[in-house]
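In: Dropping a prediction and its sequence here:
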Amino acid sequence: MITRRRLIAGAGGLAAMAVAGRVAPSRAGRDPAFAETLGPAAVPEGRATVALDLVAAERPTALPCFGGRTLPLWTFSDADPLPVVRMRLGDRLVTRLQNRLPRAGEHTSIHWHGIRLPNREDGVPYLTQPPTVVGESHTYDFVPPDTGSFFFHTHCNTVEQLGRGLAGLLIVEGDETEPYDGEVVLAVRDWRIGADGGFLPFLTDRGASAAGSFGTVRSTNGADVAAATVPAGADVRVRVYNLDASRVMAVGVEGAEAAVVAVDGIAVPPFPLTSWVMGPAMRLDLVVRTPADGGVATVVDWRPATPKTLATLTAAGERKRLTAFSPAPLRRAAIAVPDLLAAERLTFALSTTATGQAVGAALAAAGGMEGGVGGLPGPDDLCLSDRTFWAINKAAWPADGHNRLPPPLAVLRRGGSYVVELVNTTRHIHPIHIHGHTFTVIGSNDRPLPVHHADTVLVYPKERVEVAFVADNPGDWMVHCHLIEHQETGMMGYLRVA
Ligand code: C2O
Ligand code: CU
């Protein structure tokens, strides 16, 4: 157990401060504070095979946040609109996916977000597997190598399939050095519901060419505000997931002390939570010291003009802990440490395409209304051949899907260390995700950023962020913006590790 003094020192040691005009010195992956304040390595004790049956289908569902309405959700299971799969580190997950989606030609696949798995299990249609067509099934079989808070979602027509609900949580246990006193899982996402009670279009030109099409109804665990009862005076683990396609949030806790213990599922030395900005697909594991019996702590998104309460944690019972708050660290993940001195450098420039600029200008001229909706200018009216608004290194992912693959963005040598500089030349924020590898976020040219592992990192307008990793997983791995409308309108490519 670390002391509070140590906790603060650890967090300070992590801060890779910006140096004017350039990214902070690249020694972060070796920062002794990074490993020293973590628990011992996680041990794969699980031996079980977990069999998971997922049937992608339309299931009319009335979530509490829908206010009495029933919507035609697309989900994976009859039992739960958002299945939560729990397994132990070392367990093998064997998943049978059946595609029973209600529309001919609605291919699907499952991507296991953040899991460093063999390439053939990665669930990217055409790149790593044929798409699973309606009426067919596909089996995924792998042993997750890391503990943590992960999730899965489809990787076909993701804007609509995720927009209608197709996702689930995957929690790999075995990372607690001392068990906490309870656990709460919070899955946050919006729903795009129109005045007629049906879904609004999931992709709009206005949203796709800007910050995304936001939902009209917010939710946590399917409710406007999630409510949980937790033990009093206790250290409770809270796993926060941003499952939204567009929304960036700033998570904080009111009415209780809280510390961050993992980012994107992977342990960090505990540091006090003020607020943590989470883009789409990002996860955050917190430990909250709950109030006395009857007290309420709230989990809040501070980012909107009017902060949004995501969850209430109501404490009940005898006080569990009498010592000062100093949460136990999680166990360390066995992720290779990049050799930053020998690392090869790659630069990925995130930009708009000429089309994106034209659409932006045309929409601004039209009063910023939604393109293609209600008789307002859409791409055809603007004589655009396709919807590619975004690019990586000037290459926009082909608009017609994955079936005509462009060349890789880069070919990486297996076992080599790489530093990737993500350069945002646009006016919008981009959560950039790399498949198959967990990288170390080294720093930003623009803001203090603690060194931490992640699979998705936010890159702010005009910002440059450096991440590093060892290319130790052979195959073709997607790199894309996880603001799904950006992904689907060009901001996507792949790395080949050979
Ligand atoms: Cu969760 Cu390719 O992404
Ligand atoms: Cu983006």
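Out: Thanks, I have the structure now. In this text the structure is predicted, and so the values were computed from the model without any measurement. Numbers count the residues shown, from 1 in each chain. Ligands and ions are numbered 1, 2, ... in the order given.

In: Residue 439 against residue 455, yeah?
Out: Yes: counting by CB atoms under 8 Å, residue 439 touches residue 455, with 7.3 Å between them. (C-beta placed from N, C-alpha, C; glycine too.)

In: more neighbours, those two?
Out: Neighbours per residue, other CB atoms under 10 Å: of residue 439 and residue 455, the larger number sits with residue 455, 28 against 25.

In: Quickly note the distance from the nearest residue to the more buried one once chain neighbours are set aside to ligand 2.
Out: Closest residue to residue 455 apart from its sequence neighbours, by CB to CB, 6 or more residues apart in numbering: residue 114 at 4.2 Å. In this structure, residue 114 and ligand 2 are 18 Å apart, going by CB to the ion, to the nearest Å.

In: Now do the contacts for residue 114.
Out: For residue 114, the residues meeting the contact criterion (CB atoms under 8 Å, 6 or more residues apart in numbering) are 148, 150-151, 264-265, 283, 438, 455-456.

In: from these, which is closest to ligand 2?
Out: Minimum separation from ligand 2 among the contacts of residue 114 (CB to the ion) is found for residue 456, which lies at 11.1 Å.

In: Quick check: bridge partners of the closest residue to that closest one other than its chain neighbours?
Out: Once its chain neighbours are removed from consideration, residue 456 has its nearest residue in residue 433; the separation is 4.3 Å (CB to CB, 6+ apart). Per DSSP bridges, residues listed as beta-bridge partners of residue 433: residue 456, residue 480.

In: Tell me who's in contact with residue 433.
Out: Counting by CB under 8 Å, 6+ apart, residue 433 has contacts 113, 281, 455-456, 478-482.

In: quick one: low-confidence ranges for the stretch 201-350 of the chain?
Out: With pLDDT under 70 as the threshold, the stretch 201-350 of the chain has no low-confidence stretch at all.

In: quick one, helices of it?
Out: Assigned by DSSP state H, counting those that start in this stretch, the stretch 201-350 of the chain shows helices spanning 205-208.

In: Pick out the residue of it closest to ligand 2.
Out: residue 350 (7.0 Å).

In: got it, and the stretch 301-450 of the chain?
Out: Counting by CB to the ion, the stretch 301-450 of the chain gets nearest to ligand 2 through residue 430 (3.3 Å).

In: Can you name the residues of the stretch 351-498 of the chain that neighbour ligand 1?
Out: In this structure, the stretch 351-498 of the chain approaches ligand 1 at residues 433, 435, 478, 480, 482, judged by CB under 6 Å from any ligand atom.

In: please redo it, this time with the cut-off set to 8 Å
Out: Listed as neighbours of ligand 1 in the stretch 351-498 of the chain under the rule CB under 8 Å from any ligand atom: 433, 435, 456, 478, 480, 482, 487.

In: follow-up on the earlier one: ok, so of the contacts of residue 433, who is nearest ligand 1?
Out: Minimum separation from ligand 1 among those (CB to the nearest ligand atom) is found for residue 113, which lies at 3.7 Å.

In: So for residue 496, what's the nearest residue that isn't a sequence neighbour?
Out: Once its chain neighbours are removed from consideration, residue 496 has its nearest residue in residue 408; the separation is 4.1 Å (CB to CB, 6+ apart).

In: I'd guess that neighbour is in a helix, am I close?
Out: No: secondary structure of residue 408 (DSSP: H, G, I helix; E, B strand; the rest coil): coil, not part of a helix.

In: phi, psi of it?
Out: Here is the backbone geometry of residue 408 (degrees, to the nearest 10): phi -70, psi 150.

In: what about the residue nearest to residue 455, distance to residue 342?
Out: Plainly put, residue 114 is 26 Å away from residue 342 if you go by CB to CB, to the nearest Å.

In: got it, and residue 389?
Out: As for residue 389, its distance to residue 342 is 37 Å (criterion: CB to CB).
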